[in-house]
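Quick check, what structure comes out for this input:
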Amino acid sequence: MNNYLEILSVTCVAVSIIALSVEKVIDYLKKCLSHPSGDSSEQPDTARLMFNALSEIGCQPEKDNDGSINVQYQGENFHIDFGGMYARVWDPMWAGIKANDPNLPQIREAVNAANFNFGPTIVLTSPDENGIIGFHTRRDIMLHPLCPDNAQYVKAVLDSFFEAKEQVKGNFQEIKASQDKIIKKRRPIGFNTDYTKNDIVK
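Residues are numbered from 1 along each chain as shown. You can find the predicted model right below:
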């Protein structure tokens, strides 16, 4: 009988702990998944969280009148927009290329390959009045006051923008090297296989 009561007591305690844990999880999910159309007082101040996180990692963020934030990190200028608990981070116009550049097809291929990775998305704009196609990078993230370390998370996100650039450069070099290798293996009619570009020009 005593064993039965002990088992029943332990079971009741375990159920209570589980119920409490589930309640905490549900409460956390409600806060994280709350929709912007709900009570604004229940919404996290994402812009303030971002501003504080940027300041904590040594940046000097500036807030615009529209609520967006501009900040410089590692010599790069970032622009950040907000919607609910989400932030869209932009690294605008970090490079440009002429629309008639012969390397454009390979560059597009390199960008597409980089965009398959989880992280920032590289966006190519339409040519401007000068025929320049702009390179921009963006990434959507979520911030919440319950997250354990928003500052280090934001830092990792900003670092990922530089990694995306290096990925594009690496992809482009691989594509060019592969294509150059194919060209060198071809046997042009009327020419020796051992030739250089200058020899052909002459």
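
Going along the chain, name the helices of this structure.
2-32, 46-56, 104-115, 150-185, 197-201 (DSSP state H).

list the helices and strands the longest one packs on?
Applying 3 or more CB pairs under 8 Å, 6 or more residues apart in numbering; DSSP states H and E, one finds that helix 150-185 makes contact with helix 46-56, strand 76-83, strand 86-98, helix 104-115, strand 132-142. No exception for glycine: its C-beta is placed from N, CA and C like everyone else's.

tilt between it and strand 132-142?
On the basis of axes from the mean of the first three to the mean of the last three CA atoms, to 10 degrees, helix 150-185 is oriented at 140 degrees to strand 132-142.

Only the buried residues of helix 150-185, if you could.
150-151, 154-155, 157-158, 160-162, 164-165, 167-168, 171-172, 175 (16 or more other CB atoms under 10 Å).

do the same with the third one
For helix 104-115, burial by neighbour count (16+ other CB under 10 Å) applies to Gln106, Ile107, Ala110, Val111, Ala113, Ala114, Asn115.

Which strand residues bridge Pro137?
For residue 137 the amino acid is Thr, not Pro. Thr137 forms beta bridges with Asp91, Ile122, as assigned by DSSP bridges.

ok, it to Phe162 distance?
9 Å (CB to CB, to the nearest Å).

if we can go back for a sec, from the buried residues of helix 150-185, which single one is nearest Ser55?
Among the buried residues of helix 150-185, Ala151 lies closest to Ser55 (CB to CB), at 8.6 Å.

burial of the closest residue to that closest one other than its chain neighbours, as a residue count?
Counting by CB to CB, 6 or more residues apart in numbering, Glu56 is the residue found nearest to Ala151 once chain neighbours are left out, at 4.0 Å. Residues lying near Glu56 (other CB atoms under 10 Å) number 14.

And for Ile132?
A count of neighbours around Ile132, defined by other CB under 10 Å, yields 15.

So for it, what's the pLDDT?
We have a pLDDT of 94 for Ile132.

Could you do the one 4 residues further on as well?
At His136 the predicted local confidence, pLDDT, stands at 95.

What of Ser34?
50.

Same question for Tyr4.
Looking at Tyr4, its pLDDT reads 40.

ok, now Cys147?
Cys147 is given a pLDDT of 80.

likewise the one 3 residues further on?
According to the model's per-residue confidence, Asn150 sits at a pLDDT of 91.

List the contacts of it.
Neighbour list for Asn150: Leu49, Met50, Asn52, Ala53, Leu143 [criterion: CB atoms under 8 Å, 6 or more residues apart in numbering].

ok, so of those residues, who is nearest Asn100?
Met50 (39.4 Å).

wait, what's in contact with that closest one?
Pro61, Ile69, Ile80, Phe82, Ala87, Leu143, Asn150, Val154.

among those, which ones are buried?
Neighbour-count burial (16+ other CB under 10 Å) applied to these gives Pro61, Ile69, Ile80, Phe82, Ala87, Leu143, Asn150, Val154.
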